[in-house]
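coords below, sequence missing:
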Ligand code: 5GP
């Protein structure tokens, strides 16, 4: 088990409805030393790529992506969830359905902060059905940027997102892949990943 899988076993809580709560260390209270280790691991896995910007989605991706951007020495931009329909052509827009809240949001990034030819590393805390990631990919590509890869902290491998996005040809690296979990007896099984 890697450092993250050990932490999930220790402090993660499995909720009914296939929701894994990791809010004591990842996406509410944040263990900064763990986040630093996560960022270093993404640098190790994507270090051979050209990365000129890190991109994520608010809210829980921001803290993680900030540390990753620091590792790469590049800026970070996050997609905002927007209610406004008056976007005046100044924004790249995608529609994203939230797995946890079951609602749809428009997410936007200003055209000022994404440009043609930029090399983007997308970072997020979870990959479930892949809507958030697909929205981010679509925003990056509508700017003419190149998606170099997607770094995910926890992938729920029993949901379709990871397979769908890899099948589209994107390089997805997930630090922990949960293959199954059981909220009744509290067990989690991780996918074996070869040492990279
Ligand atoms: P997707 O768009 O891939 O279906 O879901 C990704 C987003 O939903 C992530 O940004 C994350 O915030 C949230 N999410 C999905 N599954 C879980 C989960 O099991 N636990 C938590 N805490 N968030 C999740």
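Perfect, I can see it now. All figures in this text were calculated on a predicted structure; none of them were measured in a lab.

how about the strands in this structure?
Assignment of strands within the chain using DSSP state E yields the ranges 13-15, 19-21, 53-57, 76-82, 91-97, 104-110, 119-127, 146-156, 172-182, 187-190.

any idea which of these is most buried?
Highest mean neighbour count among those (mean count of other C-beta atoms under 10 Å): strand 53-57, with a mean of 26. In this view, the C-beta of every residue, glycine as well, is placed from N, C-alpha and C.

what does that one contact?
Applying C-beta atoms under 8 Å, 6 or more residues apart in numbering, the external contacts of strand 53-57 come out as 62, 64-65, 68-69, 72, 74-79, 81, 96, 107, 109, 114, 118-124, 132, 135-136, 139-140, 145.

what pairs with that strand, and is each one parallel or antiparallel?
strand 76-82 (parallel), strand 119-127 (parallel) (DSSP bridges).

Strand 146-156 and the longest one, what's the angle between them?
Calculated by axes from the mean of the first three to the mean of the last three C-alpha atoms, to 10 degrees, strand 119-127 forms an angle of 10 degrees with strand 146-156.

roughly how far out does strand 119-127 sit from the chain middle?
The chain centroid and the centroid of strand 119-127 are separated by 4 Å under C-alpha atoms, centre = their mean, to the nearest Å.

What residues sit buried inside the longest helix along the chain?
Assignment by DSSP state H gives helix 32-46 as the longest helix of the chain. Going by neighbour count (16 or more other C-beta atoms under 10 Å), the buried part of helix 32-46 is 34, 35, 37, 38, 39, 41, 42, 43, 45, 46.

near the ligand, from the contacts of strand 53-57?
124, 132 (C-beta under 6 Å from any ligand atom).

Where does the prediction get shaky in the chain?
With pLDDT under 70 as the threshold, the chain has low-confidence stretches at 84-88, 196.

List, one by one, the residues from it near the ligand.
19-21, 27, 60, 99-100, 124-133, 156, 161.

at 8 Å what do you get?
Residues of the chain found near the ligand (C-beta under 8 Å from any ligand atom) are 15, 18-23, 26-27, 57, 60-61, 96-100, 124-135, 154, 156, 159, 161.
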